[in-house]
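Undergrad: I would like to see how this sequence folds:
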Amino acid sequence: MSLSHNPVLLNSVIEGLNIIPNGTYIDCTFGRGGHSKNILEKIGIEGKLIAIDKDGEAESYATSNFKNDKRFYFERNNFSNIKQIIKKHNNSKKVNGILLDLGVSSPQLDNPIRGFSFMKEGPIDMRMDTSSQMTALLWLQEANVNEISNVLRKYGEEKYSRRIAKLIKESLENNTLRTTIDLSRLIDKCYPKSKQRKKNTATKSFQAIRIFINQELEELEKILDDILALVEKGGRIVVISFHSLEDRIVKNFINKHSDGKNIISNLPIKNFNKNLSLKKIKIPLKASEFEIKKNIRARSARIRVAEKI
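TA: Residues are numbered from 1 along each chain as shown. The predicted structure follows:
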């Protein structure tokens, strides 16, 4: 089985990072190194790339395929610990660009054993870091109907969250919920029948459970809290998101530090722009039709770029 990674929005990422040959860059979500490989092609012998991923399979791939490049450093860790990682690998010096490609990677999604896909049968796992004890199934077993319903509604914006949560608990009690396909079929039963439906009925619930289990939004908010102090003036922050909640967090962060939109407009405050830290870089928000045809995962991708000022 091939688990190679076709990086999403590659040209936009490279353009957005505005790479300088002797710069230091952070790929916060290494995956299978698609973006990292192209960043390394752009930097010179004095440049440096620090890659981060909490997935053990990503670590194995990096060790096997990038070990001979002295400009490359890999850290198996949560990207929210970026401050400590930069201290370790860059002597706490500021960097010239940071890339975040959020969500589940293609190799994780394509491997049924990881339990991320509602299209392929596997265990209900969904852990990005397999050293973590809490699988999705274990959480569903321990959580009550209210807790499951709240997660599906909050992280998946799932309309039928209560109905799905009830059926999950009933199925667990009857020992009929064991695999991802079981969960997918269960969710489908909670939806009214429709011939016009475009998305799989399991999409929102699987996404919500995965985001909750891996604390993805909390990790994102934590790194954004630290990121401004870690980037040199003229350096770039590039974020790819696949979920409206993630994109909203990133959009609000950039707006706050580039437009001052967090400041109430009718207050008599002058020169508040002096305190702003970012400049928005205009770039197409979505993938082109051509790229979507090449890589269907790009369909829901959104990219945002900002420059430190």
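Undergrad: and for the closest residue to N144 other than its chain neighbours, the neighbour number?
TA: In this structure, N144 finds its nearest non-sequential neighbour in K169, 7.5 Å apart by CB to CB, 6 or more residues apart in numbering. C-beta coordinates here come from the backbone N, C-alpha and C atoms, glycine included. K169 is flanked by 17 other residues according to other CB atoms under 10 Å.
Undergrad: closest to the centroid, which residue in this structure?
TA: L102 (1.4 Å; CA atoms, centre = their mean).
Undergrad: got the contact list for Y155?
TA: Taking CB atoms under 8 Å, 6 or more residues apart in numbering, we find Y155 in contact with 207-209, 211-212, 217, 245.
Undergrad: buried ones in the longest strand seen in the chain?
TA: The longest strand of the chain (DSSP state E) is strand 231-241. Buried residues in strand 231-241, counted by 16 or more other CB atoms under 10 Å: 231, 235-241.
Undergrad: same check on stretch 246-257?
TA: For stretch 246-257, by 16+ other CB under 10 Å, it's 246-247, 249-251, 253-257.
Undergrad: send me that stretch as CSV with only the CA atoms.
TA: Extracted in CSV, the C-alpha atoms of stretch 246-257 (Å, rounded to 0.1, in the frame of the first residue of the first chain):
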residue,chain,number,x,y,z
GLU,A,246,-10.0,26.3,12.1
ASP,A,247,-10.2,28.8,9.3
ARG,A,248,-12.2,31.2,11.5
ILE,A,249,-9.6,31.0,14.3
VAL,A,250,-6.8,31.8,11.8
LYS,A,251,-8.7,34.5,10.0
ASN,A,252,-9.6,36.2,13.3
PHE,A,253,-6.0,36.0,14.5
ILE,A,254,-4.6,37.6,11.3
ASN,A,255,-7.4,40.3,11.3
LYS,A,256,-6.7,41.1,15.0
HIS,A,257,-3.0,41.7,14.3
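Undergrad: show me where the stretch 151-300 of the chain has its strands.
TA: 231-241, 278-280 (DSSP state E, counting those that start in this stretch).
Undergrad: so which of the ones you listed is nearest W139?
TA: strand 231-241 (23.5 Å; CB to CB).
Undergrad: list the helices and strands that closest one packs on?
TA: Here strand 231-241 touches helix 10-17, strand 95-101, helix 244-258, strand 302-308, going by 3 or more CB pairs under 8 Å, 6 or more residues apart in numbering; DSSP states H and E.
Undergrad: and that strand, how far from the chain's centre?
TA: Chain-centre distance of strand 231-241: 15 Å, with CA atoms, centre = their mean, to the nearest Å.
Undergrad: give me the below-cutoff pLDDT ranges for this structure.
TA: By pLDDT under 70, the weakly predicted segments of the chain are 1-5, 260-274.
Undergrad: 50 instead, please
TA: Counting by pLDDT under 50, the chain contains low-confidence ranges at 1-4, 262-269, 271-272.
Undergrad: the stretch 51-200 of the chain: helices as residue ranges?
TA: Remark: helices assigned in the stretch 51-200 of the chain by DSSP state H, counting those that start in this stretch are 56-66, 82-90, 106-110, 136-142, 145-156, 161-173, 180-189.
Undergrad: can you give me the neighbour number for R76?
TA: Counted with other CB under 10 Å, the neighbours of R76 add up to 18.
Undergrad: from R236, how far off is it?
TA: 25 Å (CB to CB, to the nearest Å).
Undergrad: ok, N144 next?
TA: N144 is 44 Å from R236, by CB to CB.
Undergrad: same question, R197
TA: 39 Å.
Undergrad: also N91?
TA: 21 Å.
Undergrad: now V104
TA: V104 is 24 Å from R236, by CB to CB.
Undergrad: if we can go back for a sec, residues in contact with the longest strand of the chain: which ones?
TA: Contacts of strand 231-241 (CB under 8 Å, 6+ apart): 8-9, 13, 16-18, 23, 94-103, 227, 247, 250, 254, 278, 281, 301-309.
Undergrad: what do you get if the cut-off is 6 Å, keeping everything else the same?
TA: 9, 13, 16-18, 94, 96-102, 247, 250, 301-308 (CB atoms under 6 Å, 6 or more residues apart in numbering).
Undergrad: over to stretch 276-289?
TA: So stretch 276-289 is contacted by 9, 12, 16, 228, 254, 257-258, 298, 301-302, 305-307, 309 (CB under 6 Å, 6+ apart).
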